[in-house]
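Undergrad: give me the fold of what follows.
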Amino acid sequence: MEVGDYLGKSLFSYPNKNIRLLAYYVELLSGDFSLSVNDKITWVKIEDLPSDDLAEADIPISSILQKETEIIDERIQ
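TA: Predicted coordinates for the structure are as follows:
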């Protein structure tokens, strides 16, 4: 896996903890992801990101991705 440019962050306060989520562009070069916090990975198109199925701390990152769709499309071409 190769970590690329910084995408954005989400700051969210749950009743029992604060979350600071940093998002980066990543290129999977080979192998599989190893999950340490979540229990699954689902590949979806950016325009199909279901904000109602995301954790509240993830929604701002989803919004950033949806706004950056054109930039991301250019990166993968």
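Undergrad: the strands in the protein, which residues?
TA: Ranges of strands in the chain, per DSSP state E, are 2-14, 17-27.
Undergrad: closest one to Ile64 among the ones you listed?
TA: Closest of those to Ile64 is strand 2-14, at 4.3 Å (criterion: Cβ to Cβ). Heads up, the C-betas are built off the backbone N, CA and C, glycines and all.
Undergrad: buried ones in the closest one?
TA: Residues of strand 2-14 classed as buried: Leu7, Ser10 (neighbour count, 16 or more other Cβ atoms under 10 Å).
Undergrad: check stretch 60-76 too.
TA: For stretch 60-76, by 16+ other Cβ under 10 Å, it's Pro60, Ile61, Ser62, Leu65, Glu68.
Undergrad: could you dump these into CSV and include distance to Phe12?
TA: Compiled in CSV, those are given as follows (distance: Cβ to Cβ, whole Å):
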residue, distance to Phe12
Pro60, 8
Ile61, 10
Ser62, 13
Leu65, 16
Glu68, 20
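Undergrad: can you verify my assumption that Val3 contacts Tyr24?
TA: Yes. With contact defined as Cβ atoms under 8 Å, Val3 and Tyr24 form a contacting pair (5.2 Å).
Undergrad: mind listing which of the buried residues of stretch 60-76 are in helices?
TA: Pro60, Ile61, Ser62, Leu65 (DSSP state H).
Undergrad: of the residues you listed, closest to Trp43?
TA: Nearest to Trp43 among those, with distances taken as Cβ to Cβ, is Leu65, at 13.1 Å.
Undergrad: Leu7 is in contact with the closest one, correct?
TA: Yes. Using Cβ under 8 Å, Leu65 is in contact with Leu7, at 7.3 Å.
Undergrad: hey, what's in contact with both of the two?
TA: Ala23 (Cβ atoms under 8 Å, 6 or more residues apart in numbering).
Undergrad: per-residue pLDDT, Lys17?
TA: Lys17 is assigned a pLDDT of 91 by the prediction.
Undergrad: one more: Ser51?
TA: For Ser51, pLDDT reads 66.
Undergrad: same deal with the one 5 residues further on?
TA: Looking at Glu56, its pLDDT is 86.
Undergrad: how near is the spatially closest residue to it that is not a sequence neighbour to Asp48?
TA: Spatially, and ignoring its direct neighbours in sequence, Glu56 is nearest to Phe12 (5.8 Å; Cβ to Cβ, 6 or more residues apart in numbering). Phe12 sits 23 Å away from Asp48, going by Cβ to Cβ, to the nearest Å.
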